[in-house]
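Engineer: this one's structure only:
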């Protein structure tokens with residue numbers, strides 16, 4: 001605690017807004033007084049022209065994950081910092097054309113040309129035998145990317161890899177890493193969080209108990225030359241373990257979130273601890289020494305159940321706010337009268353202690369299971385086929401997302417909610433007193449057609465930025481049909497990413513714009529033996545002042561193939577035997593040549 005307070009006093013001139021509050025007034029003025037006059041009024045014989053507010057625009061969609069041979073092999077963490085180490089895993093990744101999903105993205109506040117991103121990276125499947133955490137870095141504001149992997153994967157014999165605590169866990173069978181999230185401090189250090197796990201097997205006692213391992217980690221990437229901001233986040237420093245579960249007891253650490261306080265340098269981490277029995281918990285840990293160590297995790301969700309998907313925001317005086325999805329029912333079946341909504345807790349002492357958790361708003365989550373007819377989270381080909389005949393990935397993480405607008409003095413929350421018709425829409429609310437009270441909920445971007453899901457927020461420079469997936473304009477839309485499915489269960493590309501902004505603390509929002517320059521089919525069956533889709537659980541928007549970027553999962557490069565003798569649902573991929581292909585396993589090179597598994601991360605700059 002003393003460390004945090006000392007840092008706060010020393011750096012009190014630094015703003016907790018991504019850009020200094022002292023420029024917020026000029027930024028707001030520039031939005032309204034611009035070249036290009038739109039309206040005028042007469043004062044004392046003079047005609048004074050006022051410019052209309054400009055609408056935001058989205059730039060070119062840039063491919064982040066370059067695994068198609070266009071940029072050679074992935075580079076190692078050692079090479080990012082100027083070394084020479086490479087291996088067979090990295091070489092294969094550069095030509096793999098495999099899946100990536102669940103992107104994270106963060107913009108360096110001291111050099112906004114430096115962007116970092118990460119994702120669940122499946123290029124490691126053939127060589128390392130499971131997915132891993134990809135790490136991607138751009139030095140020109142997202143126009144070009146260098147792709148890498150978090151050290152410690154199976155087959156990594158570099159000094160960085162063998163010194164990572166994940167190396168030992170991988171040797172014990174925990175081959176996978178994912179759920180990436182990241183954030184920068186103000187000194188060129190990037191903090192990268194995720195989990196490490198095995199896939200687990202049923203232990204014979206109950207299908208709910210699995211012999212899982214689930215470890216929460218935070219890695220630090222520092223400048224390779226502290227005096228040169230172009231090297232920010234290029235040197236891997238360490239990985240620290242925050243929590244593990246007890247093997248065989250059915251618990252699993254998952255659904256991570258991280259935030260960095262630019263004033264104190266504190267790193268805050270939160271995640272869901274899923275239990276084989278009993279209520280899931282939201283755990284929280286902090287580092288007051290710039291990621292070198294983390295505190296013993298504390299439970300902040302006491303008194304409520306069904307807890308998952310935390311989101312952290314930092315207030316103007318260092319308050320720490322955490323929101324998550326929660327309910328008042330049981331762990332596996334809700335009691336009569338149970339409600340679902342947004343759990344919330346706050347800390348006024350830099351994350352040392354938290355207020356009592358409470359549900360601050362009730363809502364009906366918009367989840368994929370409503371389209372299956374049997375409660376399944378995702379549907380595909382047999383044995384994953386569903387009574388409704390629809391094909392779709394899961395999108396059942398309906399957790400709220402938080403952002404603190406420290407210029408306008410508000411805390412903003414969004415979530416995906418099912419409307420009475422069954423349509424999924426993004427709702428928002430805001431608080432002007434640190435979450436003690438909240439406004440009523442309102443639709444953020446009302447639409448007569450399409451489903452909306454996976455909202456994400458970032459606040460900076462007096463602007464709250466929001467993105468989400470949206471099937472607006474789906475030609476076969478019905479509130480009772482899964483996104484991008486017609487009534488007969490044939491799928492097609494109709495999903496886009498949309499963006500909206502608020503410059504008054506989340507009270508009102510401008511009309512949304514489309515970020516993607518081509519729609520995507522989220523329903524390609526690339527997982528579970530090429531039988532079922534998976535599209536991740538989130539997307540990301542990042543902001544530093546007027547520098548704004550969105551990152552998302554995209555299927556535009558996927559090569560589909562017709563299954564004319566089967567369901568012909570438009571969701572089958574090239575290389576699969578049911579489409580005439582010969583690829584029977586993801587552990588060989590066959591699929592690499594077809595493009596059938598080519599799911600990618602894309603990003604775009606948004607100009608306000």
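Structural biologist: Sure, I can see it. What you are looking at is a predicted structure, and each value in this text was computed from that prediction instead of being measured.

Engineer: from now on I want contacts and neighbour counts done on CA atoms only, so please keep to that.
Structural biologist: Noted.

Engineer: now the strands for the stretch 251-400 of the chain?
Structural biologist: Per DSSP state E, counting those that start in this stretch, the stretch 251-400 of the chain carries strands over the ranges 252-260, 267-274, 281-287, 298-299, 305-314, 320-327, 340-347, 358-362.

Engineer: and the ones you listed as CSV, adding distance to residue 395?
Structural biologist: Converted to CSV, those look like this (distance: least, CA to CA, whole Å):
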stretch, distance to residue 395
strand 252-260, 14
strand 267-274, 17
strand 281-287, 20
strand 298-299, 26
strand 305-314, 13
strand 320-327, 14
strand 340-347, 17
strand 358-362, 19
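
Engineer: nearest to residue 101, of those?
Structural biologist: Nearest to residue 101 among the strands of the stretch 251-400 of the chain is strand 252-260 (14.1 Å), distances taken as CA to CA.

Engineer: show residues contacting that closest one.
Structural biologist: 179-185, 193-195, 212-216, 243-245, 266-275, 308-314 (CA atoms under 8 Å, 6 or more residues apart in numbering).

Engineer: helices along the protein, start to end?
Structural biologist: 2-10, 24-32, 77-80, 88-93, 125-128, 159-163, 165-171, 590-594 (DSSP state H).

Engineer: what helices or strands is the fifth one leaning on?
Structural biologist: So the one you mean is helix 125-128. Packed against helix 125-128 by the contact rule (3 or more CA pairs under 8 Å, 6 or more residues apart in numbering; DSSP states H and E) you find helix 88-93.

Engineer: next one: phi and psi at residue 576?
Structural biologist: phi -70, psi 140 (degrees, to the nearest 10).

Engineer: how far is stretch 227-246 from where the chain is centred?
Structural biologist: In terms of CA atoms, centre = their mean, to the nearest Å, the centre of stretch 227-246 is set 19 Å apart from its chain centre.

Engineer: with stretch 465-477 instead?
Structural biologist: 18 Å.

Engineer: next, the distance between the ends of it.
Structural biologist: Its first and final residues considered, stretch 465-477 spans 27 Å by CA to CA, to the nearest Å.

Engineer: where does the stretch 151-300 of the chain dip in pLDDT?
Structural biologist: Residue ranges of the stretch 151-300 of the chain with pLDDT under 70: 201-212, 246-250, 276.

Engineer: give me that answer again for 90
Structural biologist: The model of the stretch 151-300 of the chain has pLDDT under 90 over residues 172, 198-214, 245-254, 274-279.

Engineer: same question for the stretch 1-150 of the chain.
Structural biologist: Along the stretch 1-150 of the chain, the model assigns pLDDT under 90 to residues 1-55, 69-72.

Engineer: ranges for the strands of it?
Structural biologist: Counting by DSSP E, counting those that start in this stretch, the strands of the stretch 1-150 of the chain are 39-43, 46-50, 57-58, 62-63, 100-107, 115-121, 132-138, 146-149.

Engineer: any buried residues in stretch 494-502, and which?
Structural biologist: The neighbour-count check on stretch 494-502 (16 or more other CA atoms under 10 Å) flags 494, 495, 496, 497, 498, 499, 500, 501, 502 as buried.

Engineer: correction: stretch 482-495
Structural biologist: For stretch 482-495, by 16+ other CA under 10 Å, it's 482, 483, 484, 485, 486, 489, 490, 491, 492, 493, 494, 495.

Engineer: want to throw those into CSV with distance to residue 345 and pLDDT?
Structural biologist: Listed next are the buried residues of stretch 482-495 as CSV, based on distance: CA to CA, whole Å; pLDDT from 0 to 100:
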residue, distance to residue 345, pLDDT
482, 34, 98
483, 33, 98
484, 37, 98
485, 39, 98
486, 42, 97
489, 42, 95
490, 43, 96
491, 41, 98
492, 41, 98
493, 39, 98
494, 37, 98
495, 34, 98
